[in-house]
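Participant: Return a 3D structure for these sequence lines:
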Amino acid sequence: MTRTRYFVAAMDCPTEEQIIRNGLKGFSGIEKLDFDLMDRVLTVTHVLEDPTPIKTTLDGLGMAAQPLAEGEAVGAVQIPKSRWITLGASGALALVAEGVAWWIQARTGDHGDDALPVIVLAVVSLLLSAPQIARKGWTALRTFTLNINFLMAVAIIGAMVTSQWPEAAMASFLFALSETIEALSLERARAAISALVSATPMSAQVEGVDGTFTERPVAEVSVGARVRVRPGEKVPLDGTLSSGDAVLNEAAITGESLPVAKLTGESVFAGSVNTTGSFVFLVTAASGDTNLDRIVEAVRSAQAERAPVQTFIDRFARIYTPTVVALALLWSIVEILRGDAWREAVHESLVLLVIACPCALVISTPITLVSGLAAAARKGILVKGGAFFEAGRRLKVIAWDKTGTLTEGKPAVPDVVPLVEDAPQELLH
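Facilitator: Modelled structure (predicted):
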């Protein structure tokens, strides 16, 4: 069994995930697909000797895939300024088209949506905002995925066919804007997780065989090495205090609001801040295996954990969305057979299709969870998955101890240390 990782820049929301699942469905040799939407990384578990067909398929779906080496990090995906400029121009033209159509109707009494100036303004606006929607809509149709991209493409085409040019341009602009904001929110969530990673230094002062300390990358420091931490520096790795006095600020790790004094032999955690003099500690966990690394990994993987509401929404949408599409088509046919104008019938069906479909709900559910987890992480609250995040709504009372640490709420006696000769069991009794 082989695991191949791909960076897919276009994979920034659950609709792309579903397209990839449908596109690779039934692909011989693929055992499992894992999606990390926050980092835009797809991990394919397969038994193929040559994974090239997987990349070819992804590229054909419009999901240009870049293979990643094991452990290779992914950089930030910045939204270019040109995208915002293009969107701004599209929105301005769509708004002007609406205004001109209204002005023509007010002056002449004619329907202004199909006037030549309005059409020109709307077409230019569509050329700036609609190509990506059209491409994604076509991909959704090819993979039999009735998602929001497909529905919006149908709505925009329908608006043009029925000469609702300003509405087509405005709908295209608003949807393209929402897609950009969604991608931005995901990138900001990723930045919050990156802030956790940056809580540890990239290098450490490691003691050599001659007793001198030299700067070395944290990734090269092995378990058992002696590392020195000077005043004001962050602890680079987990370990046990070997020599010197240490008072550490562990707020980012344990939630303890006050600095903690450490004695020889006690644990120190990566990411803690040394508030006093220099000390030396023995490394007990290599880079990638520290307590902070596990916290970061828990938060990073939490967005892949499906909350109960998300599972329900997905099951609901699989039945409801095709049903609404069929009803909209049936409504159009019935209205035409009853003698209504075909344009009016198509327009009513499109209104029904856009309003009744739950695509916004389907998309907003996982995005809300990811944004919520990231927002909590920025404030030092680590939630391990959407199921636990959702369970928070049932909280009625939260009690904090004097240090500000949130505990389980089930008191326990972890140890009994007798100061007299009586047995611990007798004292406890």
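Participant: Show me where this structure has its helices.
Facilitator: Counting by DSSP state H, the chain has helices at residues 14-24, 52-60, 81-108, 116-129, 131-142, 148-161, 165-197, 251-254, 291-302, 308-337, 342-356, 359-378, 386-391, 424-428.
Participant: who touches residue 167 in this structure?
Facilitator: 113, 159 (Cβ atoms under 8 Å, 6 or more residues apart in numbering). (Glycine included, C-beta is placed from N, CA and C.)
Participant: at 10 Å instead, please
Facilitator: By Cβ atoms under 10 Å, 6 or more residues apart in numbering, residue 167 lies in contact with 94, 97-98, 101, 113, 122, 155-156, 158-160, 347, 350.
Participant: sorry, back to before: make TSV from the helices of the chain and add distance to residue 214 and mean pLDDT to it.
Facilitator: Listed next are these as TSV, based on distance: least, Cβ to Cβ, whole Å; pLDDT from 0 to 100:
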stretch	distance to residue 214	mean pLDDT
helix 14-24	46	82
helix 52-60	43	88
helix 81-108	43	90
helix 116-129	56	92
helix 131-142	51	86
helix 148-161	55	83
helix 165-197	24	78
helix 251-254	26	74
helix 291-302	24	72
helix 308-337	50	78
helix 342-356	64	78
helix 359-378	34	68
helix 386-391	43	77
helix 424-428	48	82
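Participant: can you redo those helices as JSON lines with distance to residue 33?
Facilitator: JSON lines is the format used below for the helices of the chain (distance: least, Cβ to Cβ, whole Å):
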{"stretch": "helix 14-24", "distance to residue 33": "6"}
{"stretch": "helix 52-60", "distance to residue 33": "10"}
{"stretch": "helix 81-108", "distance to residue 33": "28"}
{"stretch": "helix 116-129", "distance to residue 33": "31"}
{"stretch": "helix 131-142", "distance to residue 33": "17"}
{"stretch": "helix 148-161", "distance to residue 33": "20"}
{"stretch": "helix 165-197", "distance to residue 33": "19"}
{"stretch": "helix 251-254", "distance to residue 33": "33"}
{"stretch": "helix 291-302", "distance to residue 33": "15"}
{"stretch": "helix 308-337", "distance to residue 33": "15"}
{"stretch": "helix 342-356", "distance to residue 33": "30"}
{"stretch": "helix 359-378", "distance to residue 33": "16"}
{"stretch": "helix 386-391", "distance to residue 33": "19"}
{"stretch": "helix 424-428", "distance to residue 33": "52"}
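Participant: Tell me which of these sits nearest to residue 279.
Facilitator: helix 251-254 (16.9 Å; Cβ to Cβ).
Participant: For that closest one, which helices and strands make contact with it?
Facilitator: For helix 251-254, the packing partners by 3 or more Cβ pairs under 10 Å, 6 or more residues apart in numbering; DSSP states H and E come out as helix 291-302.
Participant: Now residue 325. Nearest residue, chain neighbours left out?
Facilitator: Closest residue to residue 325 apart from its sequence neighbours, by Cβ to Cβ, 6 or more residues apart in numbering: residue 146 at 6.1 Å.
Participant: An error on my part: the question was meant for residue 13.
Facilitator: Residue 13 sits nearest to residue 182 (Cβ to Cβ, 6+ apart), 5.6 Å away.
Participant: Can you give me the neighbour number for the one you found?
Facilitator: Using other Cβ atoms under 10 Å, residue 182 has 17 other residues around it.
Participant: same thing with residue 141?
Facilitator: That count, for residue 141 with other Cβ under 10 Å as the rule, works out to 15.
Participant: Pretty sure it sits against residue 154.
Facilitator: Yes - at 9.2 Å, residue 141 and residue 154 qualify as touching, with contact defined as Cβ atoms under 10 Å.
Participant: Next, show the common contact partners of these two.
Facilitator: Between them, residue 141 and residue 154 share no contacting residue, judged by Cβ under 10 Å, 6+ apart.
Participant: Distance check, residue 92 against residue 28.
Facilitator: 50 Å (Cβ to Cβ, to the nearest Å).
Participant: And these two? Which one has more around it.
Facilitator: Legend: neighbour count by other Cβ under 10 Å for residue 92 and residue 28, higher for residue 92 (14 against 8).
Participant: Confirm for me that the more buried one is in contact with residue 129.
Facilitator: No - Residue 92 lies out of contact with residue 129 (Cβ under 10 Å); the separation is 11.3 Å.
Participant: Spit out the residues that contact the two alike.
Facilitator: residue 173.
Participant: give me the number of residues near residue 106?
Facilitator: Residue 106 - counted by other Cβ under 10 Å - has 9 other residues nearby.
Participant: Tell me if I'm right that residue 100 and residue 125 touch.
Facilitator: No - counting by Cβ under 10 Å, no contact exists between residue 100 and residue 125, whose distance comes to 12.0 Å.
Participant: Now do the shared contacts for those two.
Facilitator: residue 166.
Participant: Pull the number of nearby residues for residue 425.
Facilitator: 8.
Participant: Could I get the contacting residues of it?
Facilitator: residue 416.
Participant: got it, and residue 149?
Facilitator: 13, 15-16, 19, 132-141, 175, 179, 359.
Participant: quick revisit: between residue 100 and residue 125, tell me which one has more neighbours.
Facilitator: residue 125 (26 against 19).
Participant: Tell me how far the more buried one lies from residue 93.
Facilitator: With Cβ to Cβ as the criterion, residue 125 and residue 93 are 4 Å apart.
Participant: Please enumerate the shared neighbours of the two.
Facilitator: 166, 169-170, 173.
Participant: so which of these is the most crowded?
Facilitator: residue 169 (33 neighbours).
Participant: Count the neighbours of residue 258 for me.
Facilitator: 12.
Participant: Let me know the pLDDT of it.
Facilitator: With respect to pLDDT, residue 258 scores 81.
Participant: which of the residues in stretch 421-429 are buried?
Facilitator: Buried residues in stretch 421-429, counting neighbours by 16 or more other Cβ atoms under 10 Å, are absent.
Participant: With just CA atoms, put that stretch into PDB.
Facilitator: Output in PDB follows, covering the C-alpha atoms of stretch 421-429 (Å, rounded to 0.1, in the frame of the first residue of the first chain):
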ATOM      1  CA  GLU A 421       3.300   5.600  59.000                       C
ATOM      2  CA  ASP A 422      -0.300   4.800  58.200                       C
ATOM      3  CA  ALA A 423      -1.000   3.000  54.900                       C
ATOM      4  CA  PRO A 424      -2.300   5.200  52.100                       C
ATOM      5  CA  GLN A 425      -5.600   3.200  51.900                       C
ATOM      6  CA  GLU A 426      -6.300   3.900  55.600                       C
ATOM      7  CA  LEU A 427      -5.600   7.600  55.200                       C
ATOM      8  CA  LEU A 428      -7.800   7.800  52.100                       C
ATOM      9  CA  HIS A 429     -10.500   5.900  53.900                       C
END
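Participant: Right, I'll leave it there.
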